[in-house]
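**Student:** Return atomic coordinates for the entry below.
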Amino acid sequence: MTSDVTLFAPVKLGVYELPNRIVMAPMTRLRSDGTVPWSLNATYYAQRATAGLIVTECTMVSPLSLGYMNCPGIYSPEQVKGWQLVTDAVHQAGGRVFLQLWHSGRVSHPSLLNGELPVAPSAIAATGDLHTPIGKVAMEPPRALETHEIPQIVGQFRQGAENAKAAGFDGVELHGAFGYLIDQFLQDVSNQRTDEYGGSIANRTRFLLDVVGAIVDVWGGNYVGIKLSPSNTFYGMGDSDPEATFGYVIKALNQFGLAYIHLMEPNETDLQKTVLNPVTSRFRPLFQGAVITNGGYDRHKGNIALARGDADLVSFGQLFIANPDLPTRLEHNAPLNKPDPKTFYGQGKEGAEKGYTDYACLKAS
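**Tutor:** Numbers count the residues shown, from 1 in each chain. The predicted structure follows:
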């Protein structure tokens with residue numbers, strides 16, 4: 001089935017009527033003041049407020065969820081005040097913004113955690129290196145969470161959701177993708193537990209559903225989304241039957257009446273290892289709410305996905321980095337600025353403007 005829906009058509013998402021179907025994807029930029037958002041972060045997001053929806057970069061729900069230096073949190077009063085600068089600026093510019101709640105799990109290192117081991121479902125190290133205060137290091141085996149500790153982590157997500165509301169956000173997105181803690185529980189390559197949080201697909205999904213339930217208790221389902229990456233292999237992720245695992249997950253999420261699920265298509269590295277391609281069109285029939293798709297889309301590909309009914313909205317990452325006015329450029333099929341990968345990730349406040357807030361908008365004719 002095809003339709004005449006395009007990126008530029010309005011859409012209802014949860015309780016909101018959005019002016020277009022162009023979502024600014026969550027992107028790690030590492031330009032916080034330590035873990036506290038500041039005025040330049042507000043400028044960056046406000047510049048992109050013509051997106052139908054902005055989803056912020058991954059945001060820590062606790063000190064132990066830190067995975068990258070200069071990544072923001074949402075667990076302290078100072079962080080809430082910093083995020084209020086962002087939400088005020090986006091709202092003044094006419095935009096909508098959701099906060100992405102995140103726990104890195106095993107994707108961390110003791111040097112980022114005051115000497116503590118990262119926590120995860122099982123004591124299995126992620127693959128890859130991290131930039132830390134002591135330099136670039138390989139990730140070490142994490143500490144497996146004790147069963148009694150898991151409700152404490154759920155409580156941290158609940159508190160993060162409450163703090164996001166206090167900071168003035170329009171809703172929240174749970175980061176359940178890309179090999180971080182939620183994803184680590186879901187996939188059996190990283191979850192080899194033998195308690196009620198491991199083994200069967202239902203058990204491996206339990207932590208996710210506990211967290212979603214806690215967040216929905218705070219916000220209501222219409223204000224909550226979740227990001228999933230069924231084909232992701234980054235950080236050594238994988239599952240023996242990803243279609244069955246994520247099919248179960250997505251159907252189980254229907255009970256919460258969520259505003260959306262945000263599904264990631266495989267990147268070039270994933271394509272060499274996964275059998276799940278494409279993702280969005282495969283899982284779309286299982287979900288009763290709105291679907292956002294992400295993964296290498298441009299104007300043409302985004303419009304095709306919408307016309308086919310594969311998704312309701314399309315999120316853009318790198319194109320939004322380099323084009324603050326991306327919806328305008330896409331609508332008029334105008335030339336696009338090219339993003340500079342060398343400036344994707346910052347080092348806190350030092351030189352933060354470069355590659356962040358200094359990309360030009362189209363000149364008014």
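
**Student:** Check the gap between the closest residue to Leu66 other than its chain neighbours and Pro118 for me.
**Tutor:** Using C-beta to C-beta, 6 or more residues apart in numbering and skipping residues adjacent in sequence, the residue nearest Leu66 is Leu112, 5.1 Å away. Backbone N, C-alpha and C define where each C-beta goes, glycine included. For Leu112, the distance to Pro118 equals 8 Å [C-beta to C-beta, to the nearest Å].

**Student:** Looking at the two, which has the bigger crowd around it?
**Tutor:** Neighbours were counted for Leu112 and for Pro118 using other C-beta atoms under 10 Å; Pro118 has more, 26 against 23.

**Student:** Now for that one: which residues touch it?
**Tutor:** Leu64, Ser104, Gly105, Arg106, Val107, Ser108, His109, Pro110, Met139, Glu140, Pro142, Arg143 (C-beta atoms under 8 Å, 6 or more residues apart in numbering).

**Student:** Distance of Thr50 relative to Leu362?
**Tutor:** 11 Å.

**Student:** who touches both of the two?
**Tutor:** Asp325, Thr328.

**Student:** Which of the contacts of Pro118 fall within strands?
**Tutor:** Arg143 (DSSP state E).

**Student:** any chance of the contacts of Pro118 in JSON lines, plus neighbour count and distance to Met27?
**Tutor:** Converted to JSON lines, those look like this (neighbours: other C-beta atoms under 10 Å; distance: C-beta to C-beta, whole Å):
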{"residue": "Leu64", "neighbour count": "20", "distance to Met27": "23"}
{"residue": "Ser104", "neighbour count": "30", "distance to Met27": "16"}
{"residue": "Gly105", "neighbour count": "26", "distance to Met27": "19"}
{"residue": "Arg106", "neighbour count": "29", "distance to Met27": "22"}
{"residue": "Val107", "neighbour count": "27", "distance to Met27": "16"}
{"residue": "Ser108", "neighbour count": "28", "distance to Met27": "19"}
{"residue": "His109", "neighbour count": "23", "distance to Met27": "22"}
{"residue": "Pro110", "neighbour count": "15", "distance to Met27": "26"}
{"residue": "Met139", "neighbour count": "20", "distance to Met27": "22"}
{"residue": "Glu140", "neighbour count": "17", "distance to Met27": "27"}
{"residue": "Pro142", "neighbour count": "26", "distance to Met27": "25"}
{"residue": "Arg143", "neighbour count": "15", "distance to Met27": "29"}
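
**Student:** coming back round to it: name all residues that make contact with the residue nearest to Leu66.
**Tutor:** If a contact means C-beta under 8 Å, 6+ apart, then Leu112 has Leu66, Gly67, Tyr68, Met69, Leu130, Thr132, Pro133 as its contacts.

**Student:** which of those residues sit farthest apart?
**Tutor:** Maximum pairwise distance among the contacts of Leu112 (C-beta to C-beta): 13.2 Å, between Gly67 and Pro133.

**Student:** out of these two, which sits in the more crowded spot?
**Tutor:** For Gly67 versus Pro133, neighbours defined as other C-beta under 10 Å are more numerous around Gly67 (25 against 9).

**Student:** Might one say that that one is in contact with Ser111?
**Tutor:** No: between Gly67 and Ser111 there is no contact, the gap being 11.9 Å when judged by C-beta atoms under 8 Å.

**Student:** what touches both of those two?
**Tutor:** By C-beta under 8 Å, 6+ apart, no residue touches both Gly67 and Ser111.

**Student:** between Thr50 and Leu362, who's got more neighbours?
**Tutor:** Thr50 (20 against 14).

**Student:** quick one: that one and Thr328 touch, right?
**Tutor:** Yes: between Thr50 and Thr328 there is a contact under C-beta under 8 Å: 6.5 Å.

**Student:** For burial, what's the neighbour tally of Ala202?
**Tutor:** So Ala202, with other C-beta under 10 Å, has 12 neighbours.

**Student:** May I have the secondary structure class of it?
**Tutor:** Here Ala202 is recorded as helix under DSSP: H, G, I helix; E, B strand; the rest coil.

**Student:** repeat for the one 10 residues further on
**Tutor:** On the three-state scheme (three-state DSSP), Val212 is labelled helix.

**Student:** Just the buried positions in stretch 252-271, please.
**Tutor:** Going by neighbour count (16 or more other C-beta atoms under 10 Å), the buried part of stretch 252-271 is 252-253, 256, 258-267, 270.

**Student:** Let's see which of these end up in strands.
**Tutor:** Per DSSP E, the subset of the buried residues of stretch 252-271 in strands is Tyr260, Ile261, His262, Leu263, Met264.

**Student:** Closest to Ile292 out of those?
**Tutor:** Nearest to Ile292, judged by C-beta to C-beta, of those is His262 at 4.4 Å.

**Student:** Quick check: that closest one touching Pro230?
**Tutor:** No: counting by C-beta under 8 Å, His262 stays clear of Pro230, with 11.8 Å between them.

**Student:** all strands for this protein, in order.
**Tutor:** 11-13, 16-18, 22-24, 53-60, 97-102, 119-120, 129-132, 135-138, 143-144, 171-175, 224-228, 260-264, 290-294, 313-316.

**Student:** Skip the chain neighbours and tell me the closest residue to Leu286.
**Tutor:** Ile250 (4.6 Å).

**Student:** The one you found - how many residues pack around it?
**Tutor:** 21.

**Student:** how far away is it from Gly160?
**Tutor:** In terms of C-beta to C-beta, Ile250 sits 23 Å off from Gly160.

**Student:** where are the low-confidence patches of the stretch 1-150 of the chain?
**Tutor:** 1-2 (pLDDT under 70).

**Student:** If we use 80, what do you get?
**Tutor:** For the stretch 1-150 of the chain, the stretches with pLDDT under 80 are 1-3.
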